[in-house]
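**Q** I need the structure of the sequence given here:
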Amino acid sequence: MTDHVIAAVTYTIDNNVWQSMPADLQEIVMQCVQDSCNSISEDIKAQEAELMASLTEKGMNIVEVDKEAFKANAQSIYDDYADIWGDWLGIAQSYNK
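**A** Numbers count the residues shown, from 1 in each chain. Predicted coordinates:
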């Protein structure tokens, strides 16, 4: 319920292939990857909502969490690994908004 992980979606491309592509094609590929990730995330959120409704209907108590407190508590991990993760951390976080 913390939304700290939606799905592990990984796209890979050989750096030599990527570098050989013209900038406009790189932009198209990046947009397709972003669109795909957004679509997958939305599908997962919809599935989670359906599952939560079903479980609630069957009597399960769903505990809502304080996401801001969770983020604040986890911030030190981001700080500790910022030099390793670089720009990828911000990119990954941008998909969960």
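**Q** for the rest of this, base every contact and every neighbour count on C-alpha atoms.
**A** OK.
**Q** assign Y11 to helix, strand or coil.
**A** Judged by DSSP: H, G, I helix; E, B strand; the rest coil, the three-state class of Y11 is coil.
**Q** name the element the nearest residue to it once chain neighbours are set aside belongs to?
**A** Nearest non-adjacent residue to Y11, counting by Cα to Cα, 6 or more residues apart in numbering: V33, 7.6 Å away. Using DSSP states H and E, V33 sits within helix 23-57.
**Q** C-terminal to that helix, what's the next element?
**A** Helix 23-57 is succeeded, C-terminally, by helix 67-85 (DSSP H and E).
**Q** let's see the pLDDT reported for the residue nearest to Y11.
**A** As predicted, V33 sits at a pLDDT of 91.
**Q** from L55, how far out is it?
**A** Distance of V33 to L55, given as Cα to Cα, to the nearest Å: 33 Å.
**Q** where's V5, which helix or strand?
**A** V5 belongs to no helix or strand, assigned by DSSP H and E.
**Q** in PDB, list the C-alpha atoms belonging to the helix or strand of the chain with the lowest mean pLDDT.
**A** One helix or strand of the chain scores below all others by mean pLDDT, DSSP states H and E: helix 87-94, with a mean of 74. Presented in PDB, the C-alpha positions along helix 87-94 are these (Å, rounded to 0.1, in the frame of the first residue of the first chain):
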ATOM      1  CA  ASP A  87      19.500  10.200 -12.700                       C
ATOM      2  CA  TRP A  88      17.800   6.800 -12.700                       C
ATOM      3  CA  LEU A  89      16.300   7.300  -9.300                       C
ATOM      4  CA  GLY A  90      14.500  10.500 -10.300                       C
ATOM      5  CA  ILE A  91      13.400   8.900 -13.500                       C
ATOM      6  CA  ALA A  92      12.000   5.900 -11.600                       C
ATOM      7  CA  GLN A  93      10.300   8.100  -9.100                       C
ATOM      8  CA  SER A  94       8.600  10.100 -11.800                       C
END
